[in-house]
Structure formats: structure tokens, C-alpha cells
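*Asks:* have a look at this prediction, sequence included:
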Amino acid sequence: MLENFLIGLYTILQRINLFSVLVGVVSGITIGALPGLSATMGAALLLPFTFVMEPIPAIAMLSALYCGATYGGSISAILINTPGTPAAAVTTLDGYKLAQKGKAGKALGASVIASGIGGLFSVLVLMLVAPQLAKIAITFAAPEYFALAIFGLSMVTNIKSGNELKNIIGGLTGLFLATVGMDRLTGFPRFSFGNVYLLSGINFIPVMIGLFAAAEVFRLAEMWDKSETIDTDFSDLLPKINEILPLKWSVLRSAIIGTFIGILPAEGGTVAAFISYNEAKRWSKHPEKFGTGILEGVTAPETANNAATGGAMIPTLTLGIPGSSTTAVILGGLMIQGLRPGPLLFVQQPNFVWSIFVAMAIANIFFLFAGLFGVKIFAQVTRIPINILGPIIMVLCVIGSYALHNSIADVWVMLIAGLIGSSFRKIGFSPAPIVLGMVLGELIEVSLRQTMIIFDNNLLIFFARPYSAVFLGLAVLSVLWPFIRKSFKKR
Amino acid sequence: MRNSNLKIIIILYILIAVFLFIATFWIPTLSTGKSQLSPRFFPQVILLCIIFLNIIWLYQVIKDAEANVVFKKISKEKKIRLTKTIIISLIFGILFNWLGAIPAILLFVLGFFWAWNIRKPIILILFPVVISLGVYLIFYKLLSVRLPMGIFKGLF
């Protein structure tokens, strides 16, 4: 292993490879920080550049972009309440509150440290125990995927205290939206009403941009007062050691959750961030402080979503199954380079595989420095007056939605989602459950129906298999937890 | 928001869910005899849950009138600003494809500033141009995003 690591390190330290990693990280942070431009879109935009490159710098650049963009998403989440990437959606809950309190610098500092730790931890896991972890995940069948996705979705009840019913309705609305379009198993159209666009389903990225970003512009139009500005304290840009140290167990727990969730195919940083946030809240002595602007509310999801990057690369490289939408683009990049992802890649191209591992580790170190030294520059975004920032956000929303498929229909989906999101917020709905429902919808439905087919409609199979039983048990506990806590408080 | 308005919204939500539930019966199915295999199954379960939970919510709103008043009163000026912002954003959506991305952005930013009562000439002149130019250079030139050219297609 050490020999492979040293070969990988030697390869990546070559100028062209190191430069590719740097370009990937810088582009990643920039793209991730821009609302509406996700890591997936960034990877897709960078993909044509890799056609003319050698395999190692090409894939190293895409992998570095993935790491950088996942961190970059937290910048706009904290500063303008608009997650740059879906994985940073949950970071808005406490990150933006901290920014409103004038602690944007601290939130950004905590975010980059947590992201760096999460990313490095997952790369370490990737290097040390990748084959073993992959072996566990590969034993998962449809019942386990269904149970895991249900567990992920059950987290919505804990997103906003006091709104459990609305959160569940929001999650179910997201699940329903995911059913629009062609049925994945039979190919029959559902709720398309003869519309060609709806036939391919509603993409969750324009919906997410609309619910989080465009809705924010509409909210500001209604609520903004000339006197209301985000007061950012630029003199205190980094969290103090005594603020970060108590979070060590939360960060470690989030890194483990993130890495594990990332390994599971189709489960990415978004789910990891939601679960970690929820777990941090559950284990906290002061769960009521979550959502009011505390550092732990930033570090937990940020550690997890970056830890998911290393985790997501495991099934991508070892099984050829993308661990997330971004790794699906990386998978495409691998194929363009003439490489066949799978177990044989480790046997035939160990140098390549280990170079990518090392490239990801270096990318995490790069963005740690870029984030720490660039915090002041990124924090400047909050100094832009809201009435100037408003049209910029809306323009980015429109371009981000359009660039996804070069489709004007995505722009309309985003605008409609923005209007609905703005109205929903007024009646106490959080947009996050809708997005999570949309992300998990397909996995839940397909794995449920596959289970029913394979196990002859036997619902008990979910409880007969240990992993799915544990995940479903955790899901039930997660849904009931707010009510249990309330009843304990009453006593 | 008045409590009665919230009730209307919930009832509307229930009605939409009922309509969609009925629409599921038009989804074609495989004649395997196993209802779980049907593409109708999952949306039907979801929609039933939505209807059921909305009925619970409606009951809560009726039972506890005070707890569900969630809207703050906003001034007429802010209401007008919101309406203008929504209309301008929708027009932007139309112009983005028809007129082309860059001129649409230029007009949208100008319109947005007008809606938000920004009257400083320097901002009105400088920002729309800077934002449009920035989008053109970053997305069109640097990132090669194929922005719609609209009626100017072929000129660039």
C-alpha cells in the first residue's frame, strides 16, 4: 500500500498534475460559490477541457473540482442564504444565521476547516479500507437501499422544530414531484399531461435553485428594508481554538457518516449533510440552538458533505457505479479517457488509481489554504447591497437553470419553484424537505418496487434483513424523535 | 395571513392532490396482476399520505386559530415592489430566450433597479452593463455555456 501511495504521490507532484489539481480546486470553489452552479454542472463544464488531456491530470482535475465545489457551496449558503450546491442546503440553516449576526467570517472559517477535515478523512478511508467498505456496500440490495433512503428522508421531520407536520408534507411533495415523467421500470409516462418536457421528469436542480435562490429574491422584495444589511465582522475571521475543539466529536461523527453515506451508490453529500446535521442536533446538549446560528450547525453538514466526496469515489472507481451525480460525470470522463472503471482498474492501473487518491488529498489541502486565506475575499460578497445582489442572484438562477440542459423549460421550472417557494415560506414550509424528497424519490420508488418484484410482495423482507431493519428502525426513531422529546419535556 | 386564507390554501392543496390521485388512474399499467408493480402504486400512496396529512393540518388550523396566523402585515410599498419583481422576473424568462441572454439581462437589471427604486444614474448605467458583460465573459467566453442568442442569433 505504501509503495502504491508513494508512486501516486510522485506522479501527482509532477508539475502538470499539480497544476491540474490547482485549476480544479480554484474552479471548483468559484463554481460552488456561485448560486445555481453545482459541482455536477462544474464538472460537466470542465469535461470538454479534459478531452485533450492525459488521463491522470484530466481525472485529477475533475476530482479536485468535486472537492473544491463541495466546499465552495457553503460560501454562498453562509453569505447569502443560497446554497451553491445541493449538499450545502442544510448549511444555510445556521450559516446564514451566523452571517446575520455578523459572524460570517467565523462561519466560513469553521466551514473550510470542517470541509478540509471531512475531505481528508474520507480520502484516508478511501486509501485504507476502500476494498473492505466497498464489500459491505456491495452486499446491499434493493431492500437496504429503500430502507436507507427512507432513513435519509425521515430526517426532514427534524429540519425545523415545531413544523414536523409541514416538513413531512414537504418531503412527500418532493417525493411526488420525483414521480413526474417516465416511469423508470416500465417506461410509462406519469403526470406529463402530453408535455414533452415533463416526460423526462422534473429535474431537481432548477427546483432547488428556485426554492432556495429565486424565492429568496422574492422574499427580499417583500421584506427588505433599506436599514436592513448583513453586518459582517471582518476583524474576527477565524473561529477560536476553544470554539472549534468542543466540536471534535461532532466533526469526527460527521466525517464517518459522510464517508459511509458517500460510499453508497446514489447517496451523495446532500443526504450525508442532512443526516449529519440531524445527528449533531440529536447528540447535542442544546438541540434547541440548532437553526439559530451556531458553529456546530455549520461544521456538521460541511464535514459530512466533503467526507462524502471521498466516499462517493469508492463505488465509482471500484464498481463503476457513480456514488453521486458529480461522480457520474467523472465516470464519463474516465470512459472518454478509455479507462474502464471497476475492480480491474485497481489491478491493471494501480498507478492511476493511487494518483487520483493522492490528487484528492492534495485538493483538500489546497482548498483548506485557499479557503483560509481567501475567506476575507469571499466574505466581501455580503458587503454588496441587497438591492444590487438581488438581480445578480436572479441572473445566476436563470443562467444556472438554463445551462444544465440548455433548456428554457428549466428556467420556467426554476421561476415557478421560486414563486411557490416564496409562498410556502409564508405558511411555514421549509424548502429543504421538498428538495430531499426529490433527490431520494427515484431511489425510494425503484428500490421498493424492485424489492416487491424480487421478494414476491413480501413487505416483511425489510425487517428480515439486518441492515434494512436497522435503517428502518432508525427512520421510525427519527420521525418520532421530536414527539418523544416533546413528551419528555412536558414531564 | 388571515386564518381563513390558510384554510383556503390547505383546501386547495387537498383538491390538487385529489385531482392528481384521480389522474393516476390514467397511468398505463402492466397486466401482471401484481398491484405493487404498477407505476400507479407509488404516486397513489404518496398522494394519499399528502391528502391525509393536509386534512390533519386543516383540522389543526380550525381547532387552533391563533397558532396558524403566520403572516406579518407588510406595507403597500413592499407589496408593489414584490409584484413588480415577480412580473419583471417572468418577463426576463420570456426575453431570455426570445431577445437573447445578454440584452435580456441588461433590461432585467435595469427593470429590477426601477422596481427597487434605485435612481442613481451611475448605478443605473454601470451595473446593468457590468453584469451583462461579466455574464458574457465568464459564461459565454470562459465556460463556453451556450447562452441563447435570440433574435441576434448569427450575429456573434
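*Replies:* Perfect, I can see it now.
*Asks:* my read: residue A:98 touches residue A:293, true?
*Replies:* Yes - Residue A:98 lies in contact with residue A:293 (C-beta atoms under 8 Å); the separation is 4.4 Å. C-beta: built from backbone N, CA, C; applies to glycine.
*Asks:* what ranges do the helices span in chain B?
*Replies:* For chain B, the helices defined by DSSP state H occupy B:3-23, B:41-63, B:76-98, B:101-115, B:121-135.
*Asks:* the third one: which residues count as buried?
*Replies:* Of the residues in helix B:76-98, those with enough neighbours to count as buried (16 or more other C-beta atoms under 10 Å in any protein chain shown) are B:81-82, B:84-86, B:88-89, B:92-93, B:95-97.
*Asks:* thinking again about what came up before, just name the most buried of the helices of chain B.
*Replies:* Compared across the helices of chain B, helix B:101-115 shows the largest average neighbour count, a mean of 22 (mean count of other C-beta atoms under 10 Å in any protein chain shown).
*Asks:* pLDDT value on the nearest residue to residue B:99 once chain neighbours are set aside, please?
*Replies:* Excluding its sequence neighbours, the residue lying closest to residue B:99 (C-beta to C-beta, 6 or more residues apart in numbering or on different chains) is residue B:150, at 4.6 Å. Here the pLDDT value assigned to residue B:150 is 80.
*Asks:* quick one: residues contacting residue B:150.
*Replies:* Contacts for residue B:150 (C-beta atoms under 8 Å, 6 or more residues apart in numbering or on different chains) come out as B:95-101, B:103-104.
*Asks:* so which of those residues comes closest to chain A?
*Replies:* Taking C-beta to the nearest C-beta as the measure, chain A sits nearest to residue B:97 out of these, at 4.4 Å.
*Asks:* skipping adjacent residues, who's closest to that closest one in space?
*Replies:* Using C-beta to C-beta, 6+ apart, the closest residue to residue B:97 is residue A:408 (4.4 Å).
*Asks:* same check, this time on residue A:215
*Replies:* residue A:421 (3.3 Å).
*Asks:* distance to residue B:140 added to the contacts of residue B:150, as TSV?
*Replies:* Below are those laid out as TSV (distance: C-beta to C-beta, whole Å):
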residue	distance to residue B:140
B:95	17
B:96	14
B:97	15
B:98	18
B:99	15
B:100	11
B:101	8
B:103	13
B:104	13
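*Asks:* could you chop chain B up by domain?
*Replies:* B:3-68, B:76-152 (automatic domain parsing).
*Asks:* returning to what we had before: pick out whichever of residue A:98 and residue A:293 has more residues nearby.
*Replies:* Using other C-beta atoms under 10 Å in any protein chain shown, the more surrounded residue of residue A:98 and residue A:293 is residue A:98, with 23 against 19.
*Asks:* contact partners for residue 8?
*Replies:* In the absence of a named chain, chain A is used. Residues in contact with residue A:8 (C-beta under 8 Å, 6+ apart) are A:351, A:353-358.
*Asks:* contacting residues for residue B:54?
*Replies:* Residue B:54 neighbours (C-beta under 8 Å, 6+ apart): A:169, B:10, B:13-14, B:17.
*Asks:* a markdown table for those residues, including distance to residue A:301?
*Replies:* Converted to a markdown table, those look like this (distance: C-beta to C-beta, whole Å):
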| residue | distance to residue A:301 |
| --- | --- |
| A:169 | 23 |
| B:10 | 31 |
| B:13 | 30 |
| B:14 | 34 |
| B:17 | 31 |
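*Asks:* show me which of the residues you listed is closest to residue A:188.
*Replies:* Of all the contacts of residue B:54, residue B:17 has the smallest distance to residue A:188: 20.8 Å, by C-beta to C-beta.
*Asks:* dump the residue contacts of the closest one.
*Replies:* Residues counted as contacts of residue B:17 (C-beta under 8 Å, 6+ apart) are B:47, B:50-51, B:54.
*Asks:* could these go into JSON lines alongside pLDDT?
*Replies:* Output for these, formatted as JSON lines (pLDDT from 0 to 100):
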{"residue": "B:47", "pLDDT": "96"}
{"residue": "B:50", "pLDDT": "95"}
{"residue": "B:51", "pLDDT": "96"}
{"residue": "B:54", "pLDDT": "93"}
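*Asks:* wait, which of those residues is closest to chain A?
*Replies:* Among the contacts of residue B:17, residue B:50 lies closest to chain A (C-beta to the nearest C-beta), at 5.0 Å.
*Asks:* hmm, that closest one is touching residue A:168, no?
*Replies:* No - judged on C-beta under 8 Å, residue B:50 makes no contact with residue A:168 at a distance of 9.4 Å.
*Asks:* quick check: closest non-adjacent residue to residue A:462.
*Replies:* Distances taken as C-beta to C-beta, 6+ apart place residue A:468 nearest to residue A:462, at 4.8 Å, with adjacent residues excluded.
*Asks:* now do the contacts for that neighbour.
*Replies:* Counting by C-beta under 8 Å, 6+ apart, residue A:468 makes contact with A:143-144, A:146-148, A:461-462.
*Asks:* surely residue A:371 and residue A:105 touch.
*Replies:* No - judged on C-beta under 8 Å, residue A:371 makes no contact with residue A:105 at a distance of 11.5 Å.
*Asks:* so, low pLDDT: which residues of chain B?
*Replies:* Where chain B drops to pLDDT under 70, the residues are B:1-4, B:31-37, B:65-72, B:143, B:154-156.
*Asks:* can you do 80?
*Replies:* For chain B, the stretches with pLDDT under 80 are B:1-5, B:29-37, B:64-74, B:139, B:142-145, B:151-156.
*Asks:* contacts only, for residue A:327.
*Replies:* A:66, A:312-313, A:316.
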